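*Asks:* mind looking at a prediction? Sequence and model below.
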Amino acid sequence: MLPNNGFQGEEHQPFFWPGGKAAVLFVHGFPGTPAEMRPLAESLHRAGWTAQGILLPGFGNQIETLLERTNEDWLSAVTSALAQLQREHAPVLVVGYSLGGALALQAAARYSPTGLVVLSPFWKVEHVLWALLPVLKPIFRGVRPFKMLKLDLGNPEVRAGIQNFWPDADLDDPQVQAVIRDFRLPLALFDQIKRAGGQGSRAARSITSPTLIIQGDADELVRPALTRRLLDRFSVRPRYVEVSGGHDLLLPDKPAWAEVERAVHEFAMSL
């Protein structure tokens, strides 16, 4: 069972900030919330854009329902919001991060927004277990993601991320640390994440919207080599910007932030 007492703060809620005729839709990653998109949304809103950030079904304060959700549920939330913006605004830009990038790719193939930005776009994992997922799913109940990632519970960013799930957890307690490392997610959930990534990569060839892809050169979750391979799947070659940084490209206190912000603004203003 997933915890249900996290993500209660206002920063984790969906947002809609009216601005000018131009609008941008933000799609967060896994297991994130609109909070991770807010700095970039605030930046574009200051520049006059209407900004909307959705909360994907099963995330944030709905986390206890995540195991019931599918790629189709997540995609439906994105396409519904995008279609509504397109009825009332122009141009319309879609910005997706990580898993949200995979969903943004799928949505862009169907609804052709004026522009598309994907940051650290998730589409596959180069690990033998990823390829074996369809075989393993009926046999094994789940995986222990925190154990696989060799989580450093002394890292302030790691601790902050975990406390989004478990706000009251004493992360210095060895018993709590053991529970976290043993925390198991069902393979069925990873199957849906894999489906989202696969559908996103297949959708790339159908995308006609101008596209910007931003990738961190030290990203260990979405590796640069995979993102460069994704570029080759587009029929219309995207603009590609590789910055010095990891997966966390949307944090204003990171060295890559200024370059990310500038690249997105320049692309948005070119639409």
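*Replies:* Received it, and whenever you're ready, just let me know what you need.
*Asks:* what segments of the stretch 151-271 of the chain are helices?
*Replies:* 156-165, 174-182, 187-203, 224-231, 257-269 (DSSP state H, counting those that start in this stretch).
*Asks:* make TSV out of those helices and add distance to residue 40 and mean neighbour count.
*Replies:* Backbone N, C-alpha and C define where each C-beta goes, glycine included. Putting the helices of the stretch 151-271 of the chain into TSV (distance: least, CB to CB, whole Å; neighbours: other CB atoms under 10 Å) gives the following:
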stretch	distance to residue 40	mean neighbour count
helix 156-165	18	14
helix 174-182	29	13
helix 187-203	20	20
helix 224-231	18	16
helix 257-269	6	17
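*Asks:* closest one to residue 84 among these?
*Replies:* Closest of those to residue 84 is helix 257-269, at 19.5 Å (criterion: CB to CB).
*Asks:* quick one, what contacts residue 200?
*Replies:* Residue 200 makes contacts with 101-106, 121-123, as judged by CB atoms under 8 Å, 6 or more residues apart in numbering.
*Asks:* which members of the residues you listed occur in helices, if any?
*Replies:* 101-106 (DSSP state H).
*Asks:* of those, closest to residue 52?
*Replies:* For the ones in helices among the contacts of residue 200, the nearest to residue 52 is residue 104 (13.1 Å; CB to CB).
*Asks:* near the closest one, how many other residues are there?
*Replies:* When counting by other CB atoms under 10 Å, one arrives at 30 neighbours for residue 104.
*Asks:* is it correct that it is in contact with residue 78?
*Replies:* Yes: between residue 104 and residue 78 there is a contact under CB atoms under 8 Å: 6.8 Å.
*Asks:* any residues in contact with both of those two?
*Replies:* Counting by CB under 8 Å, 6+ apart, the residues touching both residue 104 and residue 78 are 27, 94, 96.
*Asks:* from residue 211, how far out is the first one?
*Replies:* Taking CB to CB, to the nearest Å as the measure, residue 27 falls 14 Å from residue 211.
*Asks:* quick one, what contacts the most centrally placed residue in the chain?
*Replies:* Central residue of the chain (CA atoms, centre = their mean): residue 29, 2.0 Å from the mean position. Counting by CB under 8 Å, 6+ apart, residue 29 touches 36, 97-101, 120, 122.
*Asks:* so which of those are in strands?
*Replies:* residue 97 (DSSP state E).
*Asks:* columns pLDDT on top of the contacts of residue 29, output as TSV?
*Replies:* Converted to TSV, the contacts of residue 29 look like this (pLDDT from 0 to 100):
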residue	pLDDT
36	94
97	97
98	93
99	94
100	98
101	98
120	94
122	92
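*Asks:* so for residue 256, what's the nearest residue that isn't a sequence neighbour?
*Replies:* residue 245 (3.3 Å; CB to CB, 6 or more residues apart in numbering).
*Asks:* again, but for residue 43
*Replies:* Distance criterion CB to CB, 6+ apart; nearest residue to residue 43, sequence neighbours excluded, is residue 261 at 5.5 Å.
*Asks:* before we move on, back to that, tell me which of residue 27 and residue 211 has more neighbours.
*Replies:* With neighbours defined as other CB under 10 Å, residue 27 and residue 211 compare such that residue 27 has more, 31 against 24.
*Asks:* quick check: the gap between the nearest residue to that one once chain neighbours are set aside and residue 122.
*Replies:* Nearest residue to residue 27 in three dimensions, chain neighbours excluded: residue 100, at 3.5 Å (CB to CB, 6+ apart). Distance, residue 100 to residue 122, using CB to CB: 8 Å.
*Asks:* who has more neighbours, these two?
*Replies:* Comparing residue 100 with residue 122 by other CB under 10 Å, the one with more neighbours is residue 100, at 32 against 29.
*Asks:* sorry, back to before: can I get the contacts of residue 200 in a markdown table including distance to residue 265?
*Replies:* Below are the contacts of residue 200 laid out as a markdown table (distance: CB to CB, whole Å):
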| residue | distance to residue 265 |
| --- | --- |
| 101 | 19 |
| 102 | 24 |
| 103 | 23 |
| 104 | 18 |
| 105 | 22 |
| 106 | 25 |
| 121 | 19 |
| 122 | 24 |
| 123 | 25 |
